[in-house]
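Novice: Any chance you can model this:
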Amino acid sequence: MTNQNSQRFAPLLIGLHWVMLLLLAAVYAAMELRGIFPKDSVPREAMKTWHYMLGLSVGVLVCIRLVARLVSATPVIQPLPPKWQQLLGQLVHVALYALMIAMPLLGWALLSAEGESIPLFGLELPALVQENESLADQLKQVHEFIGTAGYFLIGLHALAALFHHYIQRDNTLQRMLPFK
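Specialist: Next up, the predicted model:
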């Protein structure tokens, strides 16, 4: 996909990065916007359904992204940041991938435990767990907590990219931009 000397990520990785940003924004927006509609109204239920489907789409795309990341070279940041920044960047990336894997699975398990259908663009996915109200309550708390943490994690990731670009003046952000 890319060679070791490339200064940019592979086009597939760049595309997936930005598509997933848009998807994550839509997932969060759907959940936040549902609150403006009355309970059990058609628009509120539509927002919830879109939240489910887009969230599961993130889960599918992150699998593709992980494979593409494993088979692609990572362009070197130039000039090289200090080791502590490299380690912190790796930790944030691991946390972001964990978020993009865990949240769709937690949401799927939550819907299953609530006895709800799991819609995915015309398909209905099988339940991951048996219907269980107590488990559903626990999964909902974890899903909401991680979702809130996701706001901060995504914000930290964006701020770090801007810090590297405007303060450190390295190529961190340029490696992932969809244009040169």
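Novice: Could you say whether E124 sits in a helix, a strand or coil?
Specialist: strand (DSSP: H, G, I helix; E, B strand; the rest coil).
Novice: can you count the residues close to it?
Specialist: By other Cβ atoms under 10 Å, the residues close to E124 number 9. Just so you know, the C-beta spots here come from the backbone N, C-alpha and C atoms, and that holds for glycine as well.
Novice: That one contacts E116, correct?
Specialist: No. Judged on Cβ atoms under 8 Å, E124 makes no contact with E116 at a distance of 10.3 Å.
Novice: what's stretch 13-26 in contact with?
Specialist: 1, 8-9, 50, 54, 57-58, 61-62, 64-65, 68-69, 72, 100, 150, 154, 176-178 (Cβ atoms under 8 Å, 6 or more residues apart in numbering).
Novice: Which ChimeraX command selects the buried ones in those residues?
Specialist: ChimeraX command restricting the contacts of stretch 13-26 to the buried ones, with burial defined by 16 or more other Cβ atoms under 10 Å:
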select :8,9,50,54,57,58,61,62,65,68,69,72,100,150,154
